[in-house]
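Undergrad: fold the following and give me the result.
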Amino acid sequence: MRIGLTGGIATGKSTVSAYLQQQGLVVIDADLVARQVIEPGGLAYADVKAAFPTAFSEGELVRSKLGDIIFHDNEKRIILNELMHPKIRQQMLEMASQHEQAGQSIIVFDIPLLLEGDWKQLVDQVVVVYCPAKLQKQRLMERNHLTVEEAQARMDTQLDIEEKKRLADYVLTNEDTREALYRQIDDWLKTIRSA
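TA: All right, here's what the predicted structure looks like:
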């Protein structure tokens, strides 16, 4: 079974991901894979280097230079995504297949923008880590030392958390203690392990 784990910024997805790993599940993190595919020898390295040569220094990607390019030019950001996303997907699927061949029956894909992109067809179940938007904004402001406006701007780059909740096959509500969240995860794991 392949699970897609997602949520909104500051809803607690990383906490859930870490707990699932502690429980022995394989979690394949899209953000981590995105870094791997643009390292020398990575699946997207040559294409990204050819498209954005000024973002590289001595053969290594300089993330800040790439950021300066794509955050000020929407067309270039689209080009980067078109180069990266198929390679990220390819590597994640290869990793999942390797784990499944090694006997893992449950693979979790940790994908922040799972519902914003076209990832949903790759998974059997979508699990959303949810908390109300007001709490989400408060957590984001505290965690990243942001103003109300800055926090809202970051939240606005993602699908609304209520919409993500509506699209989920299973919802983990994270508005109480960490232990309460862990109990929900344990209950959910029982249902998928017995399926």
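
Undergrad: can you give the domain ranges for this protein?
TA: Taking automatic domain parsing as the domain assignment, the record places the domains of the chain at 1-25+106-195, 40-105.

Undergrad: from Ile69, how far out is the residue in the chain sticking out farthest from the centre?
TA: Outermost residue of the chain with respect to the C-alpha centroid, by Cα atoms, centre = their mean, is Glu58; its distance is 29.4 Å. Separation of Glu58 from Ile69 (Cβ to Cβ, to the nearest Å): 18 Å. All C-beta atoms are positioned from the backbone trio N, CA, C, and that covers glycine.

Undergrad: please apply the same query to Glu149.
TA: 25 Å.

Undergrad: what do you get for Gly59?
TA: From Gly59 to Ile69 the distance is 18 Å (Cβ to Cβ).

Undergrad: would you list the domains of the chain in CSV and tack on distance to Val33 and mean pLDDT?
TA: Listed next are these as CSV, based on distance: least, Cβ to Cβ, whole Å; pLDDT from 0 to 100:
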stretch, distance to Val33, mean pLDDT
domain 1-25+106-195, 10, 95
domain 40-105, 5, 94
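
Undergrad: next structured bit after the lengthiest helix in the chain?
TA: With residue count as the measure and DSSP state H as the assignment, the chain has helix 74-101 as its longest helix. Helices and strands here follow DSSP states H and E; after helix 74-101, the next one along the chain is strand 107-110.

Undergrad: what does that next one rub up against?
TA: Strand 107-110 has contacts (Cβ atoms under 8 Å, 6 or more residues apart in numbering) with 1-6, 13, 17, 20, 25-31, 92, 96, 99-100, 119, 122-123.

Undergrad: which phi and psi does Thr35 have?
TA: Wrong residue type there; residue 35 is Arg, not Thr. When read as degrees, to the nearest 10, the backbone of Arg35 gives phi -70, psi -40.

Undergrad: actually Gln23, sorry about that
TA: Dihedral angles (degrees, to the nearest 10) for Gln23: phi -80, psi 10.

Undergrad: burial count for the residue lying closest to it once chain neighbours are set aside?
TA: Leaving aside its chain neighbours, Gln23 sits nearest to Leu189 (6.6 Å; criterion: Cβ to Cβ, 6 or more residues apart in numbering). Leu189 has 16 neighbouring residues, counting by other Cβ atoms under 10 Å.

Undergrad: and if you look at Glu142?
TA: Glu142, neighbours per other Cβ under 10 Å, totals 11.

Undergrad: ok, now how distant is it from Asp160?
TA: Counting by Cβ to Cβ, the gap from Glu142 to Asp160 is 21 Å.
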